[in-house]
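[1] Got a predicted structure here, sequence first:
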Amino acid sequence: MSAITPEQFDALLPQTQCGLCGHGGCMPYAEALVFEGAAINLCPPGGVETLTQLGDLLGQDPSPFLADMADNTKSPSVAIIREDECIGCTKCIQVCPVDAILGSGKTMHTIIADECTGCELCIPPCPVDCIDLVSLPDESRTENKKNTARIRFQDRNLRLQQQLLQSKQKKISQSRDEKQHYIQQAIARASHKKSP
C-alpha cells in the first residue's frame, strides 16, 4: 500500500485557509495529518463531510467526533467591507490568505467576493469594524472555487517568501557595503597618518 500524501488530504479540505484547525492553512493542516498525526476533527468549515472523508483516508472512525462537528460546522461565507466606513489602513489586505482584498493606503478597500473564502481573518485587525460576514448556500463551495483558493494561497505564500528573501539579500548587501566603506575609511586614515 502506498503512503498517504499531504496532497491527498489537501484535496479533501475546503480551502478556506482560515487556520481554525490551529495550522496556517489547509496544506499545513494536511501536512500535520500526515507527518504529525494531527486529529481529523479540526476543520469546522469542512464539517461532517470532510471529517468523514479524512477518517476514511486514514482508516479512523470519525463517529466520536460527528455530533460535535455537526454542532460546530462553519457554513460557507464571504466577507464584505462597508466601504463608506473603511479608512484604508491596509490591515485586512495584509492578513488575507488568498489576496481577495483590493485597495491601498488611505483609500477605500473592497473584497473580491468570488475570491473570498470566508476565512474571517480580515475581521479582527480592522480598527473600525467595517467588515461583515455574509453566509452563502452550502453548494457555493465548488471544486473550482476550492482549486482557485488553493492556487491563490500558494501564490501568496510564494510571493511573501520571495519578498522576505529579497529583504534579507538587501540587508546583506547593505551590510557588505557598510563594511567596505568602513575599511576604505580606515585605510585612508592609516595612509594619512603615515604621510609626512
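    Nice, I can see it. Residues are numbered from 1 along each chain as shown.
[2] All the helices of this protein, residue numbers only.
    In the chain, the helices defined using DSSP state H lie at 6-12, 26-35, 47-58, 63-72, 91-95, 143-194.
[3] buried residues in the shortest one?
    Taking 16 or more other CB atoms under 10 Å as the neighbour-count basis, helix 91-95 is seen to contain the buried residues 92-93. In short, each C-beta sits where N, CA and C put it, glycine included.
[4] Return the residues in contact with residue 62.
    40-41, 51-52, 54-55 (CB atoms under 8 Å, 6 or more residues apart in numbering).
[5] Residue 121: which of the helices of the chain is closest?
    When the helices of the chain are compared by CB to CB, helix 91-95 sits nearest residue 121, at 4.7 Å.
[6] Can you name the residues in contact with the closest one?
    Contacts with helix 91-95, where a contact means CB under 8 Å, 6+ apart, come from 81, 101-103, 109, 121-122, 125-127, 131.
[7] Out of the residues you listed, which end up buried?
    So, by 16+ other CB under 10 Å, the buried ones in the contacts of helix 91-95 are 81, 101, 103, 109, 121-122, 126, 131.
[8] From these, which land in strands?
    Assigned to strands by DSSP state E, the following of the buried ones among the contacts of helix 91-95 qualify: 81, 101, 131.
[9] can I see the domain layout of the protein?
    The chain resolves into domains spanning 6-72, 77-140, 152-196 when parsed by automatic domain parsing.
[10] Please tell me how far residue 148 sits from residue 161.
    21 Å (CB to CB, to the nearest Å).
[11] In terms of neighbours, single out the busier of the two.
    residue 148 (16 against 10; other CB atoms under 10 Å).
[12] Identify the residue nearest the geometric centre of the chain.
    Nearest to the geometric centre of the chain sits residue 97, at 3.4 Å (CA atoms, centre = their mean).
[13] avg pLDDT for stretch 96-112?
    For stretch 96-112, mean pLDDT is 93.
[14] Spit out the contact partners of the closest residue to residue 72 other than its chain neighbours.
    Using CB to CB, 6 or more residues apart in numbering and skipping residues adjacent in sequence, the residue nearest residue 72 is residue 44, 5.2 Å away. If you count contacts by CB under 8 Å, 6+ apart, residue 44 has them with 20, 69, 72-74.
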